[in-house]
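In: predicted structure and sequence below. I'll ask about it afterward.
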Amino acid sequence: MTISTNDISGFILAGGRSTRMGGRDKGLQILDGRPMIAHIIERLQPQVGPLVINANQNLSAYETFGLPIIADVISNFVGPLAGLHAGLNHCTTPYLISVPCDCPFLPTDLASRLGNALASSGADIAYAITINQNQTEHHPVFCLLKRDVMVGLAEYLSEGGRKVLSWVSSQSHVQVVFDDHSAFLNINTPDDLKSINASR
């Protein structure tokens, strides 16, 4: 069994406060002459059916990319899980794949590899990991979820849970190893952005 591209909704998480970026919206920061989220869209859009942006501020700027904008249902910026909750709440396909707005080099085969693992394992969630110097690094925000996990996520959030990895680990899940650690590089700070721009 394989999961069709059209059965996967893409969801870009850009709803945080960007505190480490000095309050400047990370998805709108310029990388290689374009907003960071433009790089995300370019890489993710061919891998999915519908594509949506999760944002809670600067909505008019995000609307210029021509994609639907969904804000968190849960207020007070409680983190990426609130974004996932909003995405699953509006999802019209059997599956949702999420990526953060600050990782512009994400794998171009992310959806297919997570989808194959999800289909073959029978799990409800597949997420990416990398092995760096014999250390496993978890990237749970890069995940493919069955829409049905919405109920469990809502319960977790209602009980005060906020950690993505903690919630994912509590569900039926499978980890998928990606070899290219740099594909999951996230640009969190102005110095990160300056360094990446200088190196390109």
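Out: Alright, I've got the coordinates. This one's a predicted model, so the numbers in the text were calculated from it and none came from an experiment.
In: who touches the biggest strand by length in the chain?
Out: What stands out as the longest strand in the chain, according to DSSP state E, is strand 135-146. Outside strand 135-146, the residues that touch it by CB atoms under 8 Å, 6 or more residues apart in numbering are 8, 13, 80, 84, 88, 94-100, 103, 106, 110-111, 114-115, 118, 124-131, 164-165, 168, 175, 181, 184. (Each C-beta comes from the backbone N, C-alpha and C, glycine too.)
In: the residues you listed in helices, which ones?
Out: Judged by DSSP state H, the contacts of strand 135-146 include 80, 84, 88, 110, 111, 114, 115, 118, 164, 165, 168 as members of helices.
In: tell me the pLDDT at the last one?
Out: If I follow you right, that is residue 168. At residue 168, the model reports a pLDDT of 97.
In: and it, what is it in contact with?
Out: 125, 127, 140, 143.
In: and what of the first one?
Out: Contacts for residue 80 (CB under 8 Å, 6+ apart) come out as 13, 15, 16, 98, 100, 141, 164.
In: tabulate the ones in helices among the contacts of strand 135-146 (a markdown table), appending distance to residue 48.
Out: A markdown table is the format used below for these (distance: CB to CB, whole Å):
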| residue | distance to residue 48 |
| --- | --- |
| 80 | 18 |
| 84 | 15 |
| 88 | 15 |
| 110 | 10 |
| 111 | 6 |
| 114 | 11 |
| 115 | 10 |
| 118 | 14 |
| 164 | 20 |
| 165 | 23 |
| 168 | 20 |
